[in-house]
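Visitor: Sequence first, then the predicted structure, then my questions.
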Amino acid sequence: MPEPYYLTARRQNRRRLIGRMEHGSGAERQLAAILVACTEADPCLSGACTQCGGRLQLAALDLADRFVRGPARAMRGRMTMITVVPSWGCVLPGDLDEAVCQRVLAAVKAAAVASGITPSIFSLDISFNEDLTGEGPPPHWCVHAAGLATDWFSQAQQARFRFAFPRSDWVKRPVWFEPIDASGVAERYALKPDRGRRVTHWDEHRLNASGGPSTKTTPRGLRAIQADELAMVEHQLGLAGRVIGCGIDDDAVERALGGFNWVRDGP
């Protein structure tokens, strides 16, 4: 059976990143050495390592199966994928740092708990967004979160959650709620370790309400300079800063994710 395409791409991108980092600055060469030394028996646990990120994804999916999918099936048999794009998570190239990433996840957790969107589990996601139509924002990093929750929360709870993330000129629709039933692809997407570029362009084959061409956003791979900038930030952030559980027993989260330098492991 052939390897899934996303695993092949993940391995190739990791190899290219190491090759570039080995010829970079002192900090970049140090990161390259860490990634090269990473093995399944002795994982590096760097936030820039997609191998370790893939293991974290599997652990987070197991946690979601137990605390989100289980209760969801008992009630209606489905889950909800939630995507959150805070306006303050959009930063220009060169301005991406740990603080932005930490602020996004902290805000998502606070909103989920305050609105009762629990149990839920969210993972940090980061894309580089480009708009080629000339009508959108300048190229920027988009730090956001994607997660899995049950589906029995009310419209009022959704409204309270949405209120925490207002629209802006750069982010027209900051929150999505999408029922996903038993879609393994959607579950993996919500907790994925892979990063990419989102390119918005005109689609001449689809007309908008005014009769003109509509826009279309297409996923692309990160350019080398983007991948390198992101790798250094995620390395500093670490795996422990990538996943949060909301309304899930802290001890259960620690048992599932403690091996990834979870925050409760110690200083």
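Guide: Looks like it came in fine.
Visitor: quick check: mean pLDDT across the helix or strand encompassing M232?
Guide: M232 is located in helix 224-237, with elements delineated by DSSP states H and E. When pLDDT is averaged over helix 224-237, the result is 96.
Visitor: which residues are in contact with stretch 247-262?
Guide: 45, 52, 55-56, 59-60, 62-63, 66-67, 112-113, 118-121, 238-240, 243, 245, 264-265 (Cβ atoms under 8 Å, 6 or more residues apart in numbering). The C-beta positions use only the backbone N, C-alpha and C, and glycine is treated the same way.
Visitor: List only buried entries from these.
Guide: Burial by neighbour count, judged by 16 or more other Cβ atoms under 10 Å, picks out 45, 52, 55-56, 59-60, 63, 67, 112, 118-121, 238-240, 243, 245 from the contacts of stretch 247-262.
Visitor: can you tell me which of the contacts of stretch 247-262 are in strands?
Guide: 120-121, 243, 245 (DSSP state E).
Visitor: of all those, which two lie farthest apart?
Guide: S120 and V243 (11.4 Å; Cβ to Cβ).
Visitor: ok so, going back, so which of the ones in strands among the contacts of stretch 247-262 comes closest to A33?
Guide: Using Cβ to Cβ, those come closest to A33 at V243, 25.8 Å.
Visitor: what's the pLDDT at the closest one?
Guide: At V243, pLDDT is 90.
Visitor: who's in contact with it?
Guide: Taking Cβ under 8 Å, 6+ apart, one finds 56, 60, 121-124, 191, 257 in contact with V243.
Visitor: what do you get if the cut-off is 7 Å, keeping everything else the same?
Guide: Counting by Cβ atoms under 7 Å, 6 or more residues apart in numbering, V243 touches 56, 60, 121, 123, 257.
Visitor: how close does it get to G53?
Guide: 10 Å (Cβ to Cβ, to the nearest Å).
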